[in-house]
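Asks: model this:
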Amino acid sequence: MRVLSLPLAALNEAPLPIGALAGLPAGALDIASANLLMAATPCDAPLFDANVEAACVRFKRDVMLVRTGLFPETMNPVTVDIALVGPDGPFTMKGLTFMRKCDGGLWLVPDQAGAFVEISRKGLALHMAPPFVTWDERCDGVCRAAGEIVCIVTGRRGR
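Replies: Numbers count the residues shown, from 1 in each chain. The predicted structure is shown next:
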């Protein structure tokens, strides 16, 4: 659950706990102003895959599921699955990676081609243009976010 403090800081709102409502992992959070439900799990896909989409449909909120493994970013890569509310049903993206830009912005980026998701006070915003210019810039941002996650999980200070 500590890993959720990374996106929570970008959202800048105190969440309401919703428990295991709608089949999301225990400890799921509701951030009403961002129209977002968030949860974390150490479980790999496909566990909770259908539940993420079902919660998106049921609550008409975007859903973010952070998959941490048992040793986030030290032995297990942290990935994020999302379901965004769409006019024809949820738009889902799986296996996204946190990226911290030099300006402090927090993003979710795919490993290959695809859309990009900005995490801000307004919630999740889908972008087709990447938040980086070069692959090296992307790698730096992903490493920056991974370092933050390690500090959060181990209780160390700094970035």
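
Asks: end-to-end on stretch 44-62?
Replies: One end of stretch 44-62 to the other measures 20 Å (CA to CA, to the nearest Å).

Asks: tell me which residues of that stretch are tucked away?
Replies: 48, 51-56, 59, 61-62 (16 or more other CB atoms under 10 Å). For the C-beta atoms, the positions are set from N, CA and C on the backbone; glycine is no exception.

Asks: show me the residues around Thr68 that make contact.
Replies: Contacts for Thr68 (CB atoms under 8 Å, 6 or more residues apart in numbering) come out as 3, 40-42, 76, 78.

Asks: which residues does the closest residue to Leu65 other than its chain neighbours contact?
Replies: In this structure, Leu65 finds its nearest non-sequential neighbour in Asp81, 4.6 Å apart by CB to CB, 6 or more residues apart in numbering. Taking CB under 8 Å, 6+ apart, we find Asp81 in contact with 45, 48-49, 52, 64-65, 67, 92-96.

Asks: Reformat the residues you listed as a markdown table; add pLDDT, secondary structure and distance to Leu108.
Replies: A markdown table is the format used below for the contacts of Asp81 (pLDDT from 0 to 100; DSSP: H, G, I helix; E, B strand; the rest coil; distance: CB to CB, whole Å):
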| residue | pLDDT | secondary structure | distance to Leu108 |
| --- | --- | --- | --- |
| Ala45 | 92 | coil | 16 |
| Phe48 | 95 | coil | 17 |
| Asp49 | 94 | helix | 17 |
| Val52 | 96 | helix | 14 |
| Met64 | 97 | strand | 8 |
| Leu65 | 97 | strand | 12 |
| Arg67 | 97 | strand | 12 |
| Thr92 | 96 | strand | 12 |
| Met93 | 97 | strand | 8 |
| Lys94 | 97 | strand | 11 |
| Gly95 | 97 | strand | 10 |
| Leu96 | 98 | strand | 4 |
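
Asks: which of these lies closest to Phe132?
Replies: For the contacts of Asp81, the closest approach to Phe132 (CB to CB) belongs to Leu96, at 14.1 Å.
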